Every structure is written in C-alpha cells, then in structure tokens.
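Novice: 3D model of this:
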Amino acid sequence: MLKKNAIVSVIMNCHNGEEFLKDSVQSIINQSFTDWELIFFDNVSSDRSLEIVKSFNDQRIKVFRSQKFLNLYHARNEALKKISGRFICFLDTDDFWENDKLEQQVEFLEKNKNFIMVYSNFYTLKNDKKFVLYKNKLPEGNITKNLLKKYTIGIVTTCIKKEAFKDSTFDKNINIIGDFDFFINLSHKFKIGCIQKPLAYYRDHEKNLSKKKLENYISELSKWINDYNRKFNDYGESLIHLKYFLFKLKIKNFLKKLGM
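Specialist: All right, here's what the predicted structure looks like:
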C-alpha cells in the first residue's frame, strides 16, 4: 500500500511545445497514482501551449511563466524551485508515459530506501511505430562506469528523491547534455535503481534539440569529457567508450557538411 503523502512533482518545461502537448499532459492525468502535481514552466512560448495546458482545468496543474527566455537547464532549475513533492519526475512536451509509471516507481523507492532514484527502459516512437530502446538488462546500483560505457538513462523515465537536488542541480551553462551531466554526477554519489520494462515513450523527430544542434552537442560533450577526466581520473578507462562515441559523432557531422 502506497503512502498517502508520497506526492510526486512532475516538471514539464515548455517552449512552443503545442504539437504533442495535449498527449503529454493527458498521460499524467491518466496515471493510476493520482497524488501528483504538474509544475508546468512555460519558457515564453508564442504558440498555443499555455492555452492547451490551462484547458485541462485540473487543480493539480500549476502554471508558471518565465519573464525571459532561458536555456533548458536553467529553466529546469527554475521549475525545481516550485515543487512541493517528495519525488520528482520530468516529462517534456513531446513525450508521454505508461499509465502505471508513477505507481511503479514510487512503490520501488518506498521499498528500496538506499536508492536515490529509479529509471526504466522506454520506447522510442518514430512515424507512429514504437520500438523498445534497450534489449539487454539495464544496470542498477553503482552504475557510473556502466553509464560512461553506454548511457542508458532517459530523463523521461526517471523518478528522483527530492534529496538528490539538495546540493546540486542542473548546470545552467549547458544547453544540450545537461541530463547526461546531472545523472552521471548523481550516479557517482548514490545508488540508482531500475525497472526493466518500458514505462515511457520518447518521440524521435527532427525537432529534437540534440538533432537540431549537432555541432553544439559535439562541443559540449568534448568539453565535458575533458573536465570529467580531470575530476574523476579513476573512470579514465570507461571514458574510452564515450570518446569513441564522440569520434563517430564528429565523423557524422563532417559527412553531413559534405552533403553525404
């Protein structure tokens, strides 16, 4: 039996996210676990995003609006200041959840006190076709080395204890790989749990930020690897896999410039 005060704060950052927004919000409303609040943080949208989210007329939905445009991770930090929950989840405006996502994850964290967060497998959705992203068992526990070799955490799948943000938040100077940076650093300090089955859907489309700004992605990842190598040299061997991934990205970007 889940505790009645096990409230979840769901953070949804939005900048002109009207296209899939209704489905994303509806997937929160459809949750079997109902003790949640939605922190909808609008980043000066110029489309119908605010109109759409307000149309749900649900008291659990709390709408905030930035006075100026912020990069994504700065906006995530601002939204974190508004929460009242014991557990925190993130859902972007183009993704959505299985109906029992929150119930399963809150129950997991209530039973497993030594884990700071739990994540899961997830589906990628492209052209209305869904695919399970990871075929093999996902790591849990002390998983920093695993994540450096193969990063498997999608922020859409996470449920995080509020204490995780006590001493650190997202790096607001990062534009694209802020999720990756935060969860790698969190895994260095705490144990992370995993529910192996897919609990969320990630839409793969051309508007995804990392696809739109591949050169920035490469630049941020290059800097991150150099900085991280200095901070945690005991993971140097694991970084080889990440460096190889970066090398392939650079080749891809070079070929793209050549029109190949």
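
Novice: which residue ranges form the helices in the chain?
Specialist: Listed in chain order, the helices of the chain (DSSP state H) span 18-29, 49-54, 72-80, 101-111, 144-149, 178-189, 209-212, 214-231, 239-257.

Novice: which residue is nearest the centroid of this protein?
Specialist: For the chain, the residue nearest the mean C-alpha position is Ile155 (1.9 Å; CA atoms, centre = their mean).

Novice: Who are the contact partners of that residue?
Specialist: Phe90, Asp92, Asp179, Phe183 (CB atoms under 8 Å, 6 or more residues apart in numbering). All C-beta atoms are positioned from the backbone trio N, CA, C, and that covers glycine.

Novice: Pipe those into CSV and attach neighbour count and distance to Lys130 per row.
Specialist: Conversion of those to CSV gives the following (neighbours: other CB atoms under 10 Å; distance: CB to CB, whole Å):
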residue, neighbour count, distance to Lys130
Phe90, 22, 20
Asp92, 21, 17
Asp179, 20, 21
Phe183, 24, 24
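
Novice: which of the residues you listed lies closest to Lys22?
Specialist: Proximity of the contacts of Ile155 to Lys22 (CB to CB) peaks at Asp92, which lies at 13.8 Å.

Novice: for the stretch 1-150 of the chain, which spans come out with low pLDDT?
Specialist: Applying pLDDT under 70 to the stretch 1-150 of the chain picks out residues 1-6.

Novice: just to revisit the earlier point, of all pairs in the contacts of Ile155, which one is the farthest apart?
Specialist: Comparing every pair within the contacts of Ile155 by CB to CB identifies Asp92 and Phe183 as the most remote, at 15.3 Å.

Novice: returning to that earlier point: out of the helices of the chain, which comes closest to Thr124?
Specialist: That would be helix 209-212 among the helices of the chain, by CB to CB, at 12.9 Å.

Novice: tell me the mean pLDDT for the closest one?
Specialist: Mean pLDDT, helix 209-212: 54.

Novice: partners of the residue nearest to Leu109 when sequence neighbours are not counted in the sheet?
Specialist: Nearest non-adjacent residue to Leu109, counting by CB to CB, 6 or more residues apart in numbering: Val118, 5.9 Å away. With DSSP bridges as the criterion, Val118 is bridged to Cys159, Gly193.

Novice: For Val118, give me its contacts.
Specialist: Gln105, Phe108, Leu109, Asn112, Thr158, Cys159, Ile192, Gly193, Cys194, Ile195.

Novice: pretty sure the first one is touching Cys159, no?
Specialist: This means Gln105. Yes - under the criterion of CB atoms under 8 Å, Gln105 makes contact with Cys159 at 3.7 Å.
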